[in-house]
Structure formats: C-alpha cells, structure tokens
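> Just a sequence and a predicted model for now, questions to come.
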Amino acid sequence: MDIKAVVWDVDDTLFDYTTADRAGMRDHLAAEGLLDGYDSVEHALRRWRELTDQQWARYAATGLDWEATRRDRVRDFLAEPLSDEAADAWFARYIAHYERAWTLFPDVLPILDALAASHRHAVLSNSTIRVQDHKLRVLGVRDRFEAVLCAAELGVHKPAAEAFHAACEALELPPHEVAYVGDHPEIDGRGASDAGLLSVWIDRGGVYATVDPPAGPHRIATLAELPAILGSDTRFGAPSTFG
C-alpha cells in the first residue's frame, strides 16, 4: 500500500463543529431573548439541526438557491414569515456567535505537521466552497490543503463514489493511493471505502459506540493513530484504542 495523499472531511473531523454549534446557538438565542421558548439549549439545537438537514436535502435534490433555503431555515425555526432582509440579518447575528466558538481539535495541527512532508492533503466536504474555505482560513489551516472540494459546487455529495473520485482527480491520483478521513461511519467511512479509497473513520469520544462499524473503514479514536494506518515513516502515532 502506497498512500500518497490524505483527503479530509472538515466538520467534526478537523473542526469541532458540535461544540461550536452548541455554543453559538446558546449565545445567539440568549442574545435574541429566545431561550425561554425551548425546554433547553439541546432542544433548540435539535430543532436547528433538523432544519439544517432538511435544508441540505432540499438543496441537494432541487438545486435551489442556497441563500433561499437558508432563509427558509430561519423562518421555519422562528415560525415567522420574515422578509429576506430580516432572515439574512438574523442568520448573520447567529454566525457571529457561532464563529467566535470555532476551534480545531487539539490533535489536528500535530498530525498535519507530522504528515506534511510525507503526504499531500485536500478537503472534501458536503458543504459549499464559500463556507468551508472561509472556515479553514479563519482556523489558520487553509494553506495546508492543495484543494478544497465541496458538494454544492461538485453537484454530487458523499457518500456517492463520484464525490470521492472528484477529490482523487483533483490530486491526479488513483483512489487506491488516497486515504479519506471523516467522522461519519456511513457517509464518510463506508462511502470512501466503497469508492476504493483507504477509508479511515474517526469516532471521537465514542459517539458511535453503539453502532456496528461498517465493513471496510479503519476505525480510530484520535488522529494520533493515523500514521500507523497510512504506513507513514513518522514518529507520530499511537495504537488503536478500538479492538
């Protein structure tokens, strides 16, 4: 096995999306005086994430204008017929709180440093270039990746093999020379494996501890385990914490 490049998912793989999303929504709802309308922050966040998933599904299925679907998410969340301008303003205030909570996981910079000389790097995300390019720049790691590919611009999203193959084509490498690292067992783990890449599924904190792991992906709990899987000639690494 000669893995020459690593393609990365972003949210909850490199970037601590779950923590930032919760903190951002909590602070935003408090500032807007909306916390009393929910039993808890978790209740509000579940509703927001449900609407986000619906937004992505609608966008992927219809190709509707991205801003239009985002405005509808805000209207549905508030149950108010806001104007476009009011919906955009509400979302901008939320984003300000959300971005203040952005952070990389602590194992990200050490592994990118450890693999910098031995592997090329790119990103493949089920998002938009505008969102993820901005995020990577704010987090200070955009220059670590040769290419950033996102579903909105590709016209195909993970777990479709075409999405993973597009990343390989951007690197001008065949799938068997590329590893993919992502946090979702099916979308990332099984998707990359079925597409012919070396698939590495990172299950941070045992989030999917009760889920039977899909066949194919290597399961890790920390990026410190990655060099051993890649066969990298670095001194950075740790044995897998999964049996």
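Now that the structure is in, tell me what you want to look at.

> just checking, what's the longest helix in this protein?
helix 41-62 (DSSP state H).

> Next up, the contacts around residue 17.
10-11 (C-beta atoms under 8 Å, 6 or more residues apart in numbering). Backbone N, C-alpha and C define where each C-beta goes, glycine included.

> so residue 174 sits right up against residue 168, yeah?
Yes. With contact defined as C-beta atoms under 8 Å, residue 174 counts as touching residue 168 (6.5 Å).

> quick one, which of the two is more surrounded?
residue 168 (22 against 13; other C-beta atoms under 10 Å).

> Is that one in a helix, a strand, or coil?
At residue 168 the chain is in helix, as set by DSSP: H, G, I helix; E, B strand; the rest coil.

> Any buried residues in the worst-scoring helix or strand of the chain on mean pLDDT, and which?
One helix or strand of the chain scores below all others by mean pLDDT, DSSP states H and E: helix 41-62, with a mean of 82. Buried residues in helix 41-62, defined by neighbour count with 16 or more other C-beta atoms under 10 Å: 41, 44-45, 48, 51, 55-56, 59.

> what's the burial count for residue 98?
What residue 98 shows, counting by other C-beta under 10 Å, is a neighbour count of 19.

> Now do the residue lying closest to residue 119 once chain neighbours are set aside against residue 196, distance only.
Nearest non-adjacent residue to residue 119, counting by C-beta to C-beta, 6 or more residues apart in numbering: residue 6, 5.2 Å away. Per C-beta to C-beta, to the nearest Å, residue 6 is found 15 Å from residue 196.

> distance between the longest helix of the chain and the chain's centre?
Helix 41-62 sits 15 Å away from the centroid of its parent chain (C-alpha atoms, centre = their mean, to the nearest Å).

> Tell me, how many residues neighbour residue 13?
Residue 13 has 24 nearby residues by other C-beta under 10 Å.

> mind listing what it touches?
Contact partners of residue 13, counting by C-beta under 8 Å, 6+ apart, are 181-183, 188, 202.

> picking that back up, contacts for the least confident helix or strand of the chain, please.
Taking C-beta under 8 Å, 6+ apart as the rule, helix 41-62 contacts 21-22, 25-26, 29, 34-35, 37-38, 64, 66, 69-70, 72-73, 76-77, 126, 151-152, 157.

> Restricted to buried residues, select these in PyMOL.
Of the contacts of helix 41-62, the buried ones go into a single PyMOL selection, burial set by 16+ other C-beta under 10 Å:
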select buried, resi 21+22+25+26+29+69+70+72+73+77+126+151+152+157
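
> how far does the helix or strand hosting residue 21 sit from the chain's center?
Element membership for residue 21 (DSSP states H and E) is helix 17-32. When distances are taken as C-alpha atoms, centre = their mean, helix 17-32 is centred 18 Å away from the chain's centroid.

> Using PDB, write out every CA atom in it.
Provided in PDB are the C-alpha atoms of helix 17-32 (Å, rounded to 0.1, in the frame of the first residue of the first chain):
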ATOM      1  CA  TYR A  17     -18.400  21.600  14.800                       C
ATOM      2  CA  THR A  18     -20.600  20.100  17.500                       C
ATOM      3  CA  THR A  19     -19.100  22.200  20.300                       C
ATOM      4  CA  ALA A  20     -19.100  25.400  18.300                       C
ATOM      5  CA  ASP A  21     -22.700  24.800  17.000                       C
ATOM      6  CA  ARG A  22     -24.000  24.400  20.600                       C
ATOM      7  CA  ALA A  23     -22.100  27.300  22.000                       C
ATOM      8  CA  GLY A  24     -23.000  29.600  19.100                       C
ATOM      9  CA  MET A  25     -26.700  28.700  19.200                       C
ATOM     10  CA  ARG A  26     -26.800  29.100  23.000                       C
ATOM     11  CA  ASP A  27     -25.200  32.500  22.900                       C
ATOM     12  CA  HIS A  28     -27.300  33.600  20.000                       C
ATOM     13  CA  LEU A  29     -30.600  32.500  21.500                       C
ATOM     14  CA  ALA A  30     -29.700  34.200  24.800                       C
ATOM     15  CA  ALA A  31     -28.900  37.500  22.900                       C
ATOM     16  CA  GLU A  32     -32.100  37.300  20.900                       C
END
